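Enquirer: One predicted model, sequence on top.
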Amino acid sequence: MTRGMTFRLLVGLLVTAAALALAGRRLHVLYRLGRLAQPVAPGRTTGAAAVLRAEVVEVLGQRRLLRWTLPGLAHLLTFWGFLLLGLTIVEGYGALFVRDFALPVVGRQAWLGALEDTVALLTLASVVVFAAIRLRHAPAREGRRSRFFGSHLDGAWLILFMITNVVWTLLLYRGAQVNTGYFPFRSGAYASEAVARLLEPLGERGNTVVEHVGVVLAVTVVMVFLVLVVHSKHLHIGAAVANVALARRPRALGALQPVRSGGREVDFEDPGEDDLMGVGKVEDLTWKGLLDLASCTECGRCQSQCPAWNTGKPLSPKLFVMGLRDHALAKAPYLLAADDAARAALPDAARAEGERPLVGTAQENGVIDPDVLWSCTTCGACVEQCPVDIEHVDHVVDLRRHQMLMESAFPEEAGIMLRNLEHAGDPWGRGGGHRLEWAEPLPFEVRVLGDDGADRLPDDVEYLFWVGCAGALDDAAQRTTRAVATLLHEAGVSFMTLGGAETCTGDAARRAGNEFLFRMLAQANVETLDAVGARRIVVTCAHCFNALANEYPQVGGHYEVVHHTQLLADLVASGRLTPVTPVETTLTYHDACYLGRHNRIFAPPRELLGAVPGVRLAEPPRTRERSFCCGAGGARMWMDETIGTRIGHERARELLELSPDVVTAACPFCILMLGDGVAAHLGPEPARPVEVTDVAEILLRSVLPARAAEPAPEPAEPAEPAGGTTP
Amino acid sequence: MHVVVLVKHVPEPTATWSFADDLTLDRAAVEGRLSELDEYAVEQAVRLVESGLDARVTYLTLGPAKAVEGLRKALSMGGDDGVHVVDPAVHGSDALATSLVLAKALQHIGFDLVLAGMASTDAEMSVVPAMLAERLGVPQVTFGGDLAVDAAAGTVTVHRDGDDATEEVVAALPAVVSLTDRTGQPRYPSFKAIMAGKKKPVQTLTLADLGVAPEQVGAAAAGVVVRSVSVRPPKQAGQVVVDDGTAAAVVADFLVARGFA
Ligand code: SF4
Ligand code: SF4
């Protein structure tokens, strides 16, 4: 063996051994941390077919990233570049041992050489694009608007630098190889040949040295890269693949997960002594939760869509995930210490990290500020956007669960709602006696369970009409309830309501973290529904819909649940309802988070509006999957919104820019929030009033002959606080 | 120091109440709860301990079997134990009889400070604390807006908000104090606390245990007799007048028809 080859082999292998040791140690720590975490729910790791499909679409095809055209394309290139560059790494290692090493079979074919060189150049081009994006959207320039705000910027630049290093060292030794005659490709590798021409003046000896040093440099750069990757956010390169495979299918939206401890569901009637109630310490996350944290690329796509962040609140889903991850890593030495003595021997910083409260204010040295935790509307925009399937909403609620169930620490106003639910069965605290008032103005009789003395739904009843608390007790929502009842009546659909026997579905309680109260309400409702023999249920509230359809199966209630927009769209399509009277208006439609993103009901409300003659539908810029929350979800409806601007006002501003006559939605809470926002924007004496109403109301105007529908209400008064609760 | 808080399990105020054949409230037919006004007294007792007072907090209730739920709720907010006086003879008792039983029970379990809400949300009499103090021969301070206990001096200091002035009243212990709903928002117990509350001891006592004869209590011994109960008809929705030029006349006719002219 020549001196040069000995140098190559020795240094190359030494560097590799050192790097693998460093990286291995780190991976071992991460593995032990994962072992310490909670087990995942049974079934999470099965479903291989779905996993495979997801991997193909999400990882190889990078479907979600492609939604953001330019950066998505750049990432796709880098990603595929890395897969192909993997081949050159094999070649590089081969060259440590055999000077003219070539891959088996195809290793000397011109097209491979051309492909490798092309990929190398494209990777370099992507680096330039990334750098440009980072410079253009630098937080220093754009502040909070930048999706990189709060990301680890130095680390990201370091990685871009390292990618550049990978490419130039590769081309350097390949160029030298061409000159010394040890290059596996006789033709095709045009970039390497170009470099070779540059190196030619160095002569035979010079090129030999460059080749030896170049190979060692290339291997070293790759190894340093490996060490950096396992120590930085670029861990996502590996973690994301696993994370996508293990993600909730089809997406981590809709139903919340039951409270689990040790992988098993907690029995709230008889909980175990040491059962965990949500996440109170970072190690209370499941290992899949920790994998979520490791998978975050700090891309900020979630942050850019988050209604809380966009209205000046401290919550950013990205910073939430990063905060948890940085804390988990910093706490690792504390958690992995063998015993108390070892823990006491840790450096002060590590011990202090171990003692930080997971949720706490800055003074309390908390990891997640309560204002961050309670700002989330659980709108799911983050989950929808995240390219690596991180389950933000589930984590937010898990943290809230611990605060609620173990610490009883939550915004005081939410307590009013919780007490009202407990005592009166509705968030306003009105009581079941008021649940039929909505029907009084109707010219026809609304059938109520028990009216005819029977305690089960009669056979002729097609649908149980679940009115919901807002639908029964809120003025604007009562109009919707009446509109839907009238339409069903007109269409000859026989329906019945539960009257005072209905109670809140528990959606807000659950999203505030009060799983105990949710279970109580849900179980009571399931008992009622089963006792009356309910099978098909129609609801007007997106939150009731989500609870009844997606969450009640968790407590043993299985029903066929339809949203009123779905049922009405069917009735129109089948000719049982015929919109005839033209409704000459320009209107816009706001997708409720819990109807759209969480439940994929995008088309029926639009079909309804499309069927009404005269209606011109103007879509807002943020629509469907990207719809911007009204601010009411996640129990936020029942809390004061004192930080930043109001989410509902921001959404109203966006909708009003379309100059609509009517703002429509299909959820009573959206209508409440948007009504407030629209009124605030227009002021007390608007030149052109804008009505905020449910799509059913528009349909009703068209189905009934002109003038027969209820007169439009006075435009909403502003200033009603979002809570709207009476203590 | 032994702090005893009087608590009452009352029918849910937002529920629809009905009356039994003997004209008493049909408690079995409605959901019950710890009287909201009693929660303020419970909260103050728990805060006394949290602020360092070395005291045992006992909750005392008088009522049917279901009333134990009120004790459990109070115990989930804090405190140490509960005492439930339950006896079929008590059914239909008036305030005088109630105060008699409670006084005997307090003498039975011992006390330094008795706290109560300002009224129950069902009968809304507000008189039991005063009657109790009389029967026990101890000072009474009613409608307190706050509460401070000086264990060393053996006194309780209370501020009473009147229409024109705020009085500061000091009483020597033992004493009976009733507290208003301005004393501070009662806490919302965590699930953990609810579970802990379920495990705290509750002692059951009968009239015989307290040396009260059945003839001294119940409807028969009551000083007043309820002759009849008529349920108030539900409120009618108001009439909405849309002004198409005739509104003034319609409103005037409406008022005249109801004798306002
Ligand atoms: S669910 Fe919505 S409000 Fe909550 S963090 Fe995600 S984007 Fe923000
Ligand atoms: S959570 Fe997902 S969307 Fe948000 S920054 Fe991380 S990877 Fe990007």
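Expert: Ah, there it is. Ligands and ions are numbered 1, 2, ... in the order given.
Enquirer: next one: phi and psi at B:Leu179?
Expert: phi -120, psi 150 (degrees, to the nearest 10).
Enquirer: Identify all residues paired with it through a beta bridge.
Expert: Taking DSSP bridges, one obtains B:Gly117, B:Gly144 as the residues bridged to B:Leu179.
Enquirer: I figured it was touching B:Val42, is that so?
Expert: No. With contacts counted by Cβ atoms under 8 Å, B:Leu179 stays clear of B:Val42, the gap being 9.8 Å. Using the backbone N, CA and C atoms, a C-beta is placed for each residue, glycine as well.
Enquirer: For chain B, give me its nearest residue in chain A.
Expert: Nearest residue of chain A to chain B, counting by Cβ to the nearest Cβ: A:Gly431, 2.9 Å away.
Enquirer: Burial check on that residue, number of neighbours?
Expert: When neighbours are counted by other Cβ atoms under 10 Å in any protein chain shown, A:Gly431 registers 19.
Enquirer: try B:Ala172
Expert: A count of neighbours around B:Ala172, defined by other Cβ under 10 Å, yields 11.
Enquirer: Quick one: residues contacting it.
Expert: Contacts for B:Ala172 (Cβ atoms under 8 Å, 6 or more residues apart in numbering or on different chains) come out as B:139, B:154-155.
Enquirer: Show me which of those residues is closest to A:Glu204.
Expert: In terms of Cβ to Cβ, no member of those lies closer to A:Glu204 than B:Thr155, at 104.7 Å.
Enquirer: List the contacts of the residue most central in space within chain B.
Expert: For chain B, the residue whose C-alpha lies nearest the mean C-alpha position (Cα atoms, centre = their mean) is B:Ser120; its distance is 3.3 Å. For B:Ser120, the contact set (Cβ under 8 Å, 6+ apart) comprises B:8, B:10, B:35, B:37-38, B:128.
Enquirer: try it again with 7 Å
Expert: B:8, B:10, B:35, B:37 (Cβ atoms under 7 Å, 6 or more residues apart in numbering or on different chains).
Enquirer: So what sits opposite the second one in the bridge?
Expert: Read that as B:Val10. B:Arg33.
Enquirer: State the number of residues packed around it.
Expert: 24.
Enquirer: B:Asp122 is in contact with that one, correct?
Expert: Yes. B:Val10 is within contact range of B:Asp122, at 4.2 Å (criterion: Cβ atoms under 7 Å).
Enquirer: Roughly how far does A:Asp507 sit from A:Gly610?
Expert: 29 Å (Cβ to Cβ, to the nearest Å).
Enquirer: More neighbours: which of those two?
Expert: Legend: neighbour count by other Cβ under 10 Å for A:Asp507 and A:Gly610, higher for A:Asp507 (31 against 14).
Enquirer: Spell out which residues sit in contact with the more buried one, please.
Expert: Here A:Asp507 is in contact with A:543, A:546-547 (criterion: Cβ under 7 Å, 6+ apart).
Enquirer: mind running it again at 6 Å?
Expert: The neighbours of A:Asp507, taking Cβ atoms under 6 Å, 6 or more residues apart in numbering or on different chains as the test, are A:543, A:547.
Enquirer: Next: the one 5 residues further on.
Expert: By Cβ under 6 Å, 6+ apart, the residues touching A:Ala512 are A:414, A:635.
Enquirer: same thing but 10 Å
Expert: A:374, A:378, A:397, A:400-401, A:403-404, A:410-411, A:414-415, A:417-418, A:421, A:518, A:634-636, A:638-639 (Cβ atoms under 10 Å, 6 or more residues apart in numbering or on different chains).
Enquirer: do the same with A:Glu625
Expert: Here A:Glu625 is in contact with A:67, A:305, A:380-381, A:384-385, A:591, A:596-597, A:600, A:602 (Cβ under 10 Å, 6+ apart).
Enquirer: Neighbour count, distance to A:Asn207 and pLDDT added to the residues you listed, as CSV?
Expert: As requested, the contacts of A:Glu625 are exported to CSV (neighbours: other Cβ atoms under 10 Å in any protein chain shown; distance: Cβ to Cβ, whole Å; pLDDT from 0 to 100):
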residue, neighbour count, distance to A:Asn207, pLDDT
A:Arg67, 14, 47, 59
A:Gln305, 25, 53, 94
A:Gly380, 25, 58, 96
A:Ala381, 31, 56, 96
A:Glu384, 22, 54, 95
A:Gln385, 24, 50, 93
A:Asp591, 28, 63, 97
A:Gly596, 25, 62, 95
A:Arg597, 24, 59, 95
A:Arg600, 14, 61, 95
A:Phe602, 17, 62, 96
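Enquirer: Could you tell me which of the residues you listed belong to strands?
Expert: Taking DSSP state E, every one of the contacts of A:Glu625 sits outside strands.
Enquirer: now, among those, which is nearest to B:His91?
Expert: Nearest to B:His91 among the contacts of A:Glu625 is A:Gly380, at 54.0 Å by Cβ to Cβ.
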